[in-house]
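**Q** Kindly return the folded structure for what I paste below:
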Amino acid sequence: MRKIFINVGSWICVAIDFFYPPFSKYMTLQFFRYGASGVANMIFDWVLYFVVYNFVLDHQMVQLGFITLSSHIASLIIVFPVSSFSGFLLQKYVTFTASELRGAVQLYRYSLVVMANLVLNYLGLKILVDGAGFFPTPSKMAVTIITTLFSYFSQKKFTFRPPSGPQTP
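**A** Numbers count the residues shown, from 1 in each chain. Down below sits the predicted model:
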């Protein structure tokens, strides 16, 4: 299975790298791959959420016996692990391919960064919308910029840290 992921990751890298030259003056290839795969995963998340919300749950409340979830929250709970895992695979096999850490360690660390991003999103929105009175959508956009930068550097330096020592190009 790992070999399949490596091959698919290589194919995705070739596709992303094709569009890189106009951006090469402004960002590294790694950051470009991070952004491209992140946008692709975000679109996947949105489409999956749409399908689950509209067709799987059909806008219906979800009765769990001890609690009832609204369909939009239940959809989030269903989709979040799927899109988080696909994001992990993209980061592991497309963006941060030099890391030699074990996959289980990377997945654990990736999960920690994802949870930190959820907390940063929550706090950022509480501060900007509830505290400062800004509109929600521009606030979410501002918070997304911050969490994207935080996530990139966290994934680069923590989750998928490359081996120390001399690197070969």
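**Q** Pull the contacting residues for Leu89.
**A** The neighbourhood of Leu89, defined by Cβ atoms under 8 Å, 6 or more residues apart in numbering, consists of 5, 9. The C-beta positions use only the backbone N, C-alpha and C, and glycine is treated the same way.
**Q** change it to 10 Å
**A** Going by Cβ atoms under 10 Å, 6 or more residues apart in numbering, Leu89 touches 5, 8-9, 12, 37, 41, 103, 107, 110.
**Q** Could you do Ala15 as well?
**A** By Cβ under 10 Å, 6+ apart, the contact set of Ala15 is 36, 40, 94.
**Q** Quick check: the first one touching Ile43?
**A** No. With contact defined as Cβ atoms under 10 Å, Ala36 does not reach Ile43; the gap is 11.0 Å.
**Q** Between these two, which is the more surrounded one?
**A** Comparing Ala36 with Ile43 by other Cβ atoms under 10 Å, the one with more neighbours is Ala36, at 21 against 11.
**Q** Spatially nearest residue to that one (excluding sequence neighbours)?
**A** In space, Ala36 comes closest to Ile16 once its chain neighbours are excluded; the distance is 4.6 Å by Cβ to Cβ, 6 or more residues apart in numbering.
**Q** what number of residues lie near the one you found?
**A** By the criterion of other Cβ under 10 Å, Ile16 has 19 neighbours.
**Q** Ok, Phe23 next?
**A** 14.
**Q** then stretch 57-64 to PDB, C-alphas only?
**A** Listed next in PDB are the C-alpha coordinates belonging to stretch 57-64 (Å, rounded to 0.1, in the frame of the first residue of the first chain):
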ATOM      1  CA  LEU A  57     -28.000  12.800   6.200                       C
ATOM      2  CA  ASP A  58     -30.600  14.600   4.000                       C
ATOM      3  CA  HIS A  59     -30.600  17.600   6.300                       C
ATOM      4  CA  GLN A  60     -32.000  15.400   9.100                       C
ATOM      5  CA  MET A  61     -31.200  15.600  12.800                       C
ATOM      6  CA  VAL A  62     -29.000  12.600  14.000                       C
ATOM      7  CA  GLN A  63     -30.400  10.900  17.100                       C
ATOM      8  CA  LEU A  64     -27.600   9.200  19.100                       C
END
